[in-house]
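*Asks:* Sequence and predicted model, in that order:
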Amino acid sequence: MKEKLVLIGNGMAGVRTLEELLKLAPEQYDITVFGGEPYGNYNRILLSPVLAGEKTIDEIMLNDEQWYADNCITLHKGKWVEDVNRARRIVRTSDGSEASYDRLIIATGSNPFIIPIPGNELDGVISFRDISDVDSMLESSRKQGGKAVVIGGGLLGLEAANGLMKQGMNVTVVHLMDTLMERQLDKPAGALLKASLEKNGMKFLMEAQTEAILGTDKVEGIRFKEGLEIPADLVVMAVGIRPNIDLAKKIGLHFERGIVVNDTMQSFDPRVYSVGECIQHRGETYGLVAPLFEQAKVCANHLAHMGIARYQGSVSSTKLKVTGIDLFSAGDFHGDETTEELVLQDPGRGIYKKVVLKDHRIQGAVMYGDTIDGTWYFELMRDGTDVSDFRDKLLFGQAHLGDSGHGDDNRVAAMADTAEICGCNGVCKGDIVNAITREKLFTLDDVRAHTKASSSCGSCTGLVEALLSHTLGGDYSESPARKPLCTCTEFTHDEIRAGMKEQKLKTIPAMQAFFEWKTDNGCSKCRPALNYYLLCQWPGEYRDDAQSRFINERAHANIQKDASYSVIPRMWGGGTTPQELRAIADAAEKYNVKTVHVTGGQRIALYGLKKEELPQIWGELSEAGLVSGHAYGKALRTVKTCVGKEWCRFGTQDSTQLGIDLEKMTWGSWTPHKFKMAASGCPRNCAEATIKDLGVVCVDSGYELHVGGNGGVKVRATDFLRHVETSEQVLEYAAAFMQLYREEAHYLERTAPWLERVGLSYVKEKIVEDEVGRKALAGRFLYSQKFAQEDPWRERAEGAEAYEFTPIKRVG
Amino acid sequence: MNQAEKFMTGQVEWVQICSVEDIPKLGARVVRTAEGDIAVFRTADDEIFALRDKCPHKGGPLSQGIVSGRRVACPLHDWKIDLNSGDAVAPDEGCAARFPVQVEGGVIQLSLTPEEGCPNK
């Protein structure tokens, strides 16, 4: 017989737990749900747009009644649970119906706080919490020229005030403090917010303490401490929420401010789980959506008896969903005597940014006007990244303005619906916003799947995240405390690599078994990653798994849109010879190559080859001494050079020979993402060494080493690593740097984001300061190169993996 | 007569293709026909599926994709196609026509007539 699961509370956290559970173990439980409201589960955070008339109730339904039926869930809506007999494991409702359980989830959410003042029970005094509150507000707003007073200038109050104003009411916001949203904003940002809301027509009474609500049956006005009275037809109390622990108290479950739960979301009664706004975890309570969803995931994992997930608390960030207003805040942005503040203020453009640092790490941030870097600050804060290497640039953001593909616009709130967000797939702001609400999307991955925005080059990811948080509003944050490698696993890149090393796991299936992969053979995201990690860890021992390679690396050529392939032979250090050029020209003619193109990495590409022809053309090229250029791989690509002192009147060193030596040493090596190098003969830097993963700029006294640059989506200039005197040193440093990157970066992470994640100081510590460590890294690199420097083209021209290149059969 | 009727009345024309081992596990091979390529897939459990070698999205060659479970990821833009149904995995929409396959004594046999129901033949 199936186990019985009862959920008390038909809201977002509880139902999300069921959804996660159904994904993991659809058959495990008979499920019964009790909900106080007479609806299915709806998206409470979208009540503000409903109030503002931008959405309908139907549009914010997450699970309609059909969903419960489809999943064989018994739904008791409009029923309040009165009591739970924990000894007999029975839930009883106010109308006497009962349900027994093996496991119970309490997700009773929170209650709005009602200020204890005279008149708070009058008709027309409401809170802003559920659909019936919204209905009352809409009802009141029908009266021509009605006056509304919103008590509370926090997130919820301002969203309510904005909605009522949109409905044509005359709105005054009353706030006890001198700053709006003082929990999320500091004074300057609060003042900017107030000014722009006032411009929209909202009125404010600051530092005003409400004494009484006036009226006989219905609200007529409001009186303040100083004696001031103002008329009102509607009073909305939005001064805060409290965890709803009434039931927990009644049934003797341990509580403090909320129901106390452990890292597996269990209460002190091991059969009773609790998630959402009603809980207290490690002393914290949560009122935002992202943490609730993280909790739901963990809870479902344990209900499904998988027992591997832990909730470790959430850091959250805030956005306000009022049209036209961009603000962001996260963490502790007030600071104290132990912290430092970085502030950028540009009142003319309506921009304010403050980042609070403690011990070189971001403690909190608040931004107004330009919030595109909010997600970046949030990530740095969450990961505890040491920002001392780039604190001089911190306030100017992650150079989003330099991103290609979407001009210079980065204020999503002010953008028109027709503004193009994703330049690769032609997705506009309106498309994304509609998909988020219509398809009920909550995460970046959801948006990518449904709209394709941000799913190609990724340069618009920041904008899409900003749109998500702006649309879902207030309470959204898409930055889980930990990022699993892919959806097949709960473990992160770092955990998986460490486990592989410690446990001496040497095959993909062994890794998937040890880390309890949720899918049979992984997916197109994790298999290439695992294959790379194994290859890097066990050189000469691990046998490359061709089926876990993306087609380009499996076929050693780049697939094109018409399923033909391109071929790019290596030109050492960008040099070539008449013989090589002749061989390339002959091959191009013989195979009727449609396009011959000079690449950005100083080589020649031949386009339009059929897959069957590849081994043949490779054979002919290799007779002329040409080898694979690995232009198709997450591997060493090119070493670009200038002609250096051999010809150039400015040249200081033989940069061409240095480039050739570097390429001879490193070709064939697989890396987490593509890896490009360059060597320039003088500081004029014609080889553009300062936008390469590793660049050498020759100077009269030796060589400058630069790391972590790239062109492309987001241009990043390199950081200076150090100056060395000999070309032997250059080679040693290059080998060590590449190996550190190979061993520690996440798969598909280029050196630039990796360097920003771990910090330049860390890399210097490992490579510049630690001579023994550097030599060991370089040694490991050279060792693994022994197994990597076989030309894959020649091998295949001689017959290796012939099955890859030929049809199994031709018919007709 | 539709495909199902042909099948039930034993009128499917089977073409012998290769043995199961000729296709790498979690891989695919191509059967070239006058009407276009057919991709023949082999899963980790040696299940065999055949689809028109053409992603419903932009016509990418599914045979070149990464196979996991009963899915293939198209090499061009990473759409996932269900090998059993030929349908794109939601939220994407579209399909690649299925071709009947059977394995007898370790030998794969294929019908060159696509099953009904998918316009992408």
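*Replies:* Arrived safely, thanks for sending. Numbers count the residues shown, from 1 in each chain, chains lettered A, B, ... in the order given.
*Asks:* Can you list phi and psi of the residue nearest to A:Cys698 when sequence neighbours are not counted for me?
*Replies:* Leaving aside its chain neighbours, A:Cys698 sits nearest to A:Gln653 (3.6 Å; criterion: C-beta to C-beta, 6 or more residues apart in numbering or on different chains). Backbone N, C-alpha and C define where each C-beta goes, glycine included. Here is the backbone geometry of A:Gln653 (degrees, to the nearest 10): phi -140, psi 170.
*Asks:* likewise A:Ser141?
*Replies:* Torsion angles, degrees, to the nearest 10, at A:Ser141: phi -70, psi -10.
*Asks:* Now do the same contact list for it.
*Replies:* Counting by C-beta atoms under 8 Å, 6 or more residues apart in numbering or on different chains, A:Ser141 makes contact with A:148, A:164, A:167-169, A:234.
*Asks:* all helices for chain B, in order.
*Replies:* If DSSP state H is used as the criterion, the helices of chain B fall at B:3-8.
*Asks:* got the residues of it near chain A?
*Replies:* Proximity of chain B to chain A is confined to B:15, B:17-18, B:22-27, B:29-35, B:37, B:40, B:44, B:58-61, B:64-69, B:71, B:73, B:75-78, B:80, B:91-92, B:112 under the rule C-beta under 8 Å from any C-beta of the partner chain.
*Asks:* for the helix or strand where A:Tyr733 lies, packing partners?
*Replies:* Using DSSP states H and E, A:Tyr733 sits in helix A:727-744. Applying 3 or more C-beta pairs under 8 Å, 6 or more residues apart in numbering or on different chains; DSSP states H and E, one finds that helix A:727-744 contacts helix A:655-666, strand A:675-680, strand A:694-699, strand A:702-707, strand A:719-724, helix A:751-758, helix A:771-788.
*Asks:* As a markdown table, those with mean neighbour count would be great.
*Replies:* Listed next are the helices and strands packed on helix A:727-744 as a markdown table, based on neighbours: other C-beta atoms under 10 Å in any protein chain shown:
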| stretch | mean neighbour count |
| --- | --- |
| helix A:655-666 | 23 |
| strand A:675-680 | 29 |
| strand A:694-699 | 26 |
| strand A:702-707 | 22 |
| strand A:719-724 | 17 |
| helix A:751-758 | 21 |
| helix A:771-788 | 16 |
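*Asks:* Please convert these to CSV, extending it with distance to A:Cys523 and mean pLDDT.
*Replies:* Listed next are those as CSV, based on distance: least, C-beta to C-beta, whole Å; pLDDT from 0 to 100:
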stretch, distance to A:Cys523, mean pLDDT
helix A:655-666, 30, 98
strand A:675-680, 25, 98
strand A:694-699, 32, 97
strand A:702-707, 32, 97
strand A:719-724, 34, 96
helix A:751-758, 22, 91
helix A:771-788, 26, 97
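*Asks:* how about these, which one is nearest A:Leu292?
*Replies:* helix A:751-758 (27.6 Å; C-beta to C-beta).
*Asks:* same for that closest one, what does it pack against?
*Replies:* helix A:727-744.
*Asks:* pLDDT averaged over stretch B:57-74 - what is it?
*Replies:* Mean per-residue pLDDT for stretch B:57-74: 96.
*Asks:* Please apply the same query to stretch A:257-274.
*Replies:* pLDDT averaged over stretch A:257-274 gives 95.
*Asks:* now it, how far from the centre of its chain.
*Replies:* Using C-alpha atoms, centre = their mean, to the nearest Å, the mean C-alpha position of stretch A:257-274 is found 28 Å from that of the whole chain.
*Asks:* Over to it now: how far is its first residue from its last?
*Replies:* 14 Å (C-alpha to C-alpha, to the nearest Å).
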